[in-house]
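Participant: sequence and computational prediction follow.
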Amino acid sequence: MHEIISEIVDSVDFKGIRCIKGYNEIARDYSSYLCDESKLAHQGAQYLFFPANEGELSAIFQEMAKRDVKITISGARTGLVGGAVPYGGAIVSLEKFDKILGLRYDNRLKEWLVKAECGVTIRDLNNWAMKKVFPGLSEGGSAETKAFLERYKESKTTYFYPPDPTEMGAALGGTVSTNASGARTYRYGPTRNWVRCIRVMLASGEVLEIPRGKCFATPAGEFTIIDSKGNETGVKIPRHTMPSTKNAAGIFSAPNMDLIDLFIGSEGIFGAITEVEIALQKWHNPVSIVQFLPSDDKAIDSVVALRKEKSIRPEFIEFYSSHALDLLRNKQDEDPKVVGMPPIPDYAKSAVFFDLRFDPESKDNDYSKLEEIVCTCGSTLAKSWAGYEQRDLERFKNFRHVLPETVNSIIAERKKKIPELYKLGTDLAVPDQALEKIWAFYKSKLEKAGLEWVAFGHIGNNHIHINIIPRSLEEMKEGLSIYREFAKKAVSLGGTISAEHGIGKIKKEFFSIMFSDKELKEMKAVKIALDPGLILNPGNMLNI
């Protein structure tokens, strides 16, 4: 069933590279590679490749370039903006790039660093880091790596990888390509903050190895990039102001910026990230708290107060609107086991969820400031859920994820009658000082329209997911119009059109809200310089 491409090309030795040829066979036996979590419609594909190393990947890139065949890079396909959905051409899956390559301690940075291939999942990376078991290093690592591994195991400290994208099954390379973030971005920042080195394969099949702190833009905003063959490429970075909030929209730009940051968040349009070296952070046991409040506005007030109180440092701050809690109550009535928590009390009209560092053996756990904040906002700590044992933490985590899953199930049911229907979920964020303004704007527009909606998400970063759940195509059309108004408002307040999911193919129509024609032209110039044949990830981010 699987064909070897050596049969179709005489000039290049492809022996051993797994390839599925022809759209019919791909659609019949490998249909999952034609989509991602966005559910965006694909435009077919003629090849599906499974390279196992950089040599094979380079051979594929070079041959596809000769044939002028576009390439869509495929990882774990957990994205929500259609980045892995092919627009014809070839799909190149990097799922075989799944090995841990190294572990070391950096004395200058005073941190542990793990080197991994791009296909390693965030879940596996975190599990291995916390359990101190890295497959392959004990047997296949160098003597130096084995020595570091023993030192790591002997340490009494537990370490973890802080970036917390909601989908822990995401591949490391994909999260770097999108500068992924999630709940813990509030405390630790996005993926960018934790990347120390990357290897990138350009469309030419040549490789760049880019350690952080080695290559910076000139005062004129230019880089001279030298690939593995010694070819030089001049790149002028786009000149635009980055929003002062969590952001995953567009190419990174800053004076004297590090070259590594040009590729982080570029969504694979400049090259395929094959290896990543990331930093670990010390893990502290938390207590999870869901604090119930008397209204959405009081929940917003509590978030503002929590952020101002320096003695309280949450790992994250999440939000549940009144409508969101109502939806979960209905879910509990249908099947209490799905939510996995006690009944949501009737007095709960909104909630914030956060983790605090916690030592059950300590006598110094002081919650007086937290109690003061909660009381000021019309509630008490008695009106909350809390837990610190591992099984409790898992239940709280499930409580966080069951809401979007419930929304998706409602839409899936409605699509049976109206196939064109889909939910409208915002990914907007604004600076801290604009939180109250953007919330008031969201609420007034939605209430006036009379649409069904819930709000939840990463309110610590002013990144609230508004999910509009249309009941008809007319409501969906109205919701799209409101979404555009939301995007314009967020940008006018200094925010972003995409805080964590990226642009991909789905959000390009909002790009012009955030960037001028001149700024988009400058981004396109970087793409043309690094991928002159416009081979990689067609349709992603830029119309080019």
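Facilitator: Looks like it came in fine.
Participant: distance of the residue nearest the centre of the chain from T78?
Facilitator: The centre of the chain sits closest to A180, judged by C-alpha atoms, centre = their mean, with a distance of 2.8 Å. Relative to T78, A180 is positioned 9 Å away (C-beta to C-beta, to the nearest Å). The C-beta positions use only the backbone N, C-alpha and C, and glycine is treated the same way.
Participant: the residue nearest to the centre of the chain contacts A170, correct?
Facilitator: Yes: A180 lies in contact with A170 (C-beta atoms under 8 Å); the separation is 6.6 Å.
Participant: before we move on, the earlier item: what is in contact with A180 and T78 at once?
Facilitator: Counting by C-beta atoms under 8 Å, 6 or more residues apart in numbering, the common neighbours of A180 and T78 are 165, 170, 174.
Participant: top of these by neighbour count?
Facilitator: Compared across the shared contacts of A180 and T78, G174 has the highest neighbour count, 31 neighbours, by other C-beta atoms under 10 Å.
Participant: hang on, it in a helix?
Facilitator: Yes: looking at G174 with DSSP: H, G, I helix; E, B strand; the rest coil, it is inside a helix.
Participant: contacting residues around it?
Facilitator: Counting by C-beta under 8 Å, 6+ apart, G174 has contacts 75-76, 78-79, 83-84, 118, 180.
Participant: just the ones in helices from the residues you listed, please.
Facilitator: Mapping the contacts of G174 onto helices (DSSP state H) picks out no residues; all lie outside.
Participant: which among those residues end up buried?
Facilitator: Using 16 or more other C-beta atoms under 10 Å as the burial test, the contacts of G174 include 75-76, 78-79, 83-84, 118, 180 as buried.
Participant: quick one: the strands in the stretch 351-500 of the chain, in order.
Facilitator: Along the stretch 351-500 of the chain, counting by DSSP state E, counting those that start in this stretch, strands occupy 384-387, 424-425, 453-458, 463-468.
Participant: domain-wise, how is the chain divided?
Facilitator: Listed domain ranges for the chain are 3-93, 100-282, 286-425+428-492 (source: automatic domain parsing).
Participant: turn the ones you listed into TSV, including mean pLDDT and distance to G502.
Facilitator: Shown next, in TSV, are the domains of the chain (pLDDT from 0 to 100; distance: least, C-beta to C-beta, whole Å):
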stretch	mean pLDDT	distance to G502
domain 3-93	87	5
domain 100-282	96	4
domain 286-425+428-492	95	13
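Participant: for H501, find the nearest of these.
Facilitator: domain 3-93 (4.8 Å; C-beta to C-beta).
Participant: can you give the distance of that closest one from its chain's centre?
Facilitator: Centroid separation between domain 3-93 and its chain, computed with C-alpha atoms, centre = their mean, to the nearest Å, is 23 Å.
Participant: returning to that earlier point: can you tell me the SS state at the residue nearest to the residue nearest to the centre of the chain when sequence neighbours are not counted?
Facilitator: Computed as C-beta to C-beta, 6 or more residues apart in numbering, the closest residue to A180 that is not its neighbour in sequence is P165, at 4.3 Å. Under three-state DSSP, P165 falls in the coil class.
Participant: pull the contacting residues for P165.
Facilitator: 78, 122, 175, 180-182, 191, 500.
Participant: again, but for S516
Facilitator: Listed by C-beta under 8 Å, 6+ apart, the contact set of S516 reads H240.
Participant: distance of it from T496?
Facilitator: Separation of S516 from T496 (C-beta to C-beta): 15 Å.
Participant: tally of neighbours for P404?
Facilitator: Using other C-beta under 10 Å, the number of residues around P404 comes to 18.
Participant: sort out which residues of the one helix or strand K298 maps to are buried, please.
Facilitator: Taking DSSP states H and E as the criterion, K298 maps to helix 296-308. Buried residues in helix 296-308, counted by 16+ other C-beta under 10 Å: 296-303, 305-307.
Participant: ok, A180 to W112 distance?
Facilitator: A180 sits 21 Å away from W112, going by C-beta to C-beta.
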